[in-house]
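A.B. asks: I would like the atomic coordinates for the input below:
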Amino acid sequence: MGIFSRTRDIVAANITDLLDKAEDPAKMIRMIILEMEETLVEVRASAARTIADQKEMRRQITKLERLQDSWVEKAELALSKDRDDLAKAALYEKQKAADMAEQLRGEIEILDEALRSSEADIAKLQNRLREARARQNAVMTRMESAQNRSRLRELYSGPKMDEAMSRFDTLERHADLAEGHAEALGLGAPPKSLDEEIAELRNADKVDAELEALKASLARRSNGGEAKTQDK
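C.D. replies: Presented below is the predicted three-dimensional model:
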C-alpha cells in the first residue's frame, strides 16, 4: 500500500512530519519520491489521453460539419424537384448531425477543464517532487555526517584505538630493550692505563703535525702556481 492515495494527498502532505515519524527516514523519503514520480507519470498519461480524445472529437466534428453541408445540398436538390418531403427528411438528418457536433463540443469543453486541472496537478506534483528530492539530499547528508562522527568516535575510543596504542607501547618497550643492551655492553670494561692515555695523546700530536705539514705543502703548491702565472 502506498503512502498516498491520490494527488491531493501528495500536495497536502507534510513531508517533515512523515520523516520525523519514520523509523528509517532515508527509506521513507525514497518511498515518497517513488510514489510522487509514479503519480506524476499517471497524471501525465491521463492528460495525454485527454488530449488524444479531444483531437478525435474535433475530427468527428469536422466530419459532421461536412455531413451537414451535404444534407443541405440534398435538401436544396429535393426542393428544386418539388420534393418537399425529401427536403424535410434531409434537413432532419442535417439537424441530427448538428446536434451530435454540438454534443461533442460540449464534451471537449469538459475535457478542457479536466486538462487544465491536470496541468495544475502536474505543476504541484513537480514542486513537491523537487521539495522531496531536496529533503532527500539533506537527509542523506545528515546521515552521512552522523555515520562519519560514529566512525570517528569508534576510532578514538574503540577497541581498534586501544589495540594501536598497545602496539605503540610494545614498540617502545623493544626500543628500550635495544638501548639497554647497547649500554650493557659497555658495563664492566677496564679503565684505560696511564700509558694508553699518553700513547693516545702522542698519536693525536702526530696526526696534528701531519695535518699541518699537509696544509703547508698545499699552500706552497698554490703559491708556486700563482708565481708561474705572473711570470707568463
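
A.B. asks: now do stretch 85-104: distance to the chain's middle.
C.D. replies: Taking C-alpha atoms, centre = their mean, to the nearest Å, one finds the center of stretch 85-104 at 63 Å from the center of the full chain.

A.B. asks: least confident secondary structure element in the chain?
C.D. replies: Sorted by mean pLDDT, DSSP states H and E, the helices and strands of the chain end with helix 159-185, the least confident at a mean of 66.

A.B. asks: residue ranges for the helices of this protein, please.
C.D. replies: Along the chain, the segments classed as helices by DSSP state H run 7-12, 15-21, 25-80, 84-157, 159-185, 194-231.

A.B. asks: let me have those in JSON lines, extended by mean neighbour count.
C.D. replies: All C-beta atoms are positioned from the backbone trio N, CA, C, and that covers glycine. Output for the helices of the chain, formatted as JSON lines (neighbours: other C-beta atoms under 10 Å):
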{"stretch": "helix 7-12", "mean neighbour count": "16"}
{"stretch": "helix 15-21", "mean neighbour count": "13"}
{"stretch": "helix 25-80", "mean neighbour count": "15"}
{"stretch": "helix 84-157", "mean neighbour count": "14"}
{"stretch": "helix 159-185", "mean neighbour count": "10"}
{"stretch": "helix 194-231", "mean neighbour count": "10"}
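
A.B. asks: kindly report which one of those carries the lowest mean pLDDT.
C.D. replies: Among those, helix 159-185 has the lowest mean pLDDT, at a mean of 66.
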